[in-house]
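S.K.: Got a predicted model here, sequence first, then my questions.
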Amino acid sequence: MDNKKRCKWCNLKNELYVKYHDEEWGEINFEEQYLYEMLILESFQAGLSWECVLNKRESFRQALDNFDIDKICKYDDKKKTELLSNEKIIRNKLKINATVNNSKIFKSIQDEFGSFHNYLKTFTKDKIIYEVDETRNSLSDNISKDLIKRGMKFVGTTIIYAYLQAIGIINSHDTNCYKYIGE
């Protein structure tokens, strides 16, 4: 392991987590497939650690047809039961049901705005926020409220804040982290 200073949450003993911190977290990525995958994964984080979800990411990819939104929107009770018995993923019935539900709403947002990124821009105005040691802000509050109003589940303000950090809209690297970028 190198001697780079990283954010305090990054478990240096978990190579997968270090790689996620160094190469992905906080990096701007507005590719629709990525926006979708991260929203689904973040919803599974509710009540758990991101490290737990990240460690199961490849298993989620396999179980969820590589995050193929069209396939997930058509999941039936048989497929949901199969997911509930998959020991390699987080087996939470409410979150699995929410995945199907949220996928349909994600698609409807894409249809309405042309892309999920365009939807996010109605809130962000294409600005990047630089802040450290927060778990929510007015941006995450507003997006969360709107997604809940549209019928999404497991998209509370803290989950949406983490999502915005993951996709690079909020840059929250600790001030002593080698990836820190001040405003």
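M.R.: Cool, the structure landed.
S.K.: Could you list the low-confidence segments of this protein?
M.R.: Applying pLDDT under 70 to the chain flags residues 1, 183.
S.K.: This protein: strands as residue ranges?
M.R.: All strands of the chain, identified by DSSP state E, fall at 129-130, 170-171.
S.K.: mind listing what's buried in stretch 15-34?
M.R.: The neighbour-count check on stretch 15-34 (16 or more other Cβ atoms under 10 Å) flags 17-18, 20-22, 25-26, 30, 34 as buried. Any C-beta I mention is one placed from the backbone N, CA and C, and that applies to glycine too.
S.K.: Reformat the strands of the chain as JSON lines; add mean neighbour count.
M.R.: Shown next, in JSON lines, are the strands of the chain (neighbours: other Cβ atoms under 10 Å):
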{"stretch": "strand 129-130", "mean neighbour count": "15"}
{"stretch": "strand 170-171", "mean neighbour count": "22"}
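S.K.: right, so of these, which gets closest to Ser144?
M.R.: Closest to Ser144 of those is strand 170-171 (Cβ to Cβ; 13.4 Å).
S.K.: ok, back up a step: which of the buried residues of stretch 15-34 lies closest to Tyr178?
M.R.: Taking Cβ to Cβ as the measure, Tyr178 sits nearest to Asp22 out of the buried residues of stretch 15-34, at 8.7 Å.
S.K.: Please name the residues that touch that closest one.
M.R.: Neighbouring residues of Asp22 by Cβ atoms under 8 Å, 6 or more residues apart in numbering: 4, 6, 179.
S.K.: Write the ChimeraX selection for whichever of those are buried.
M.R.: Buried subset of the contacts of Asp22, written as a ChimeraX selection, criterion 16+ other Cβ under 10 Å:
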select :6,179
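S.K.: What is the nearest of the contacts of Asp22 to Cys73?
M.R.: Lys179 (35.4 Å).
S.K.: Report the contact partners of the nearest residue to the closest one once chain neighbours are set aside.
M.R.: The shortest distance from Lys179 to any non-neighbouring residue, by Cβ to Cβ, 6 or more residues apart in numbering, is to His173 (4.4 Å). Taking Cβ under 8 Å, 6+ apart, we find His173 in contact with 7, 26, 132, 179-181.
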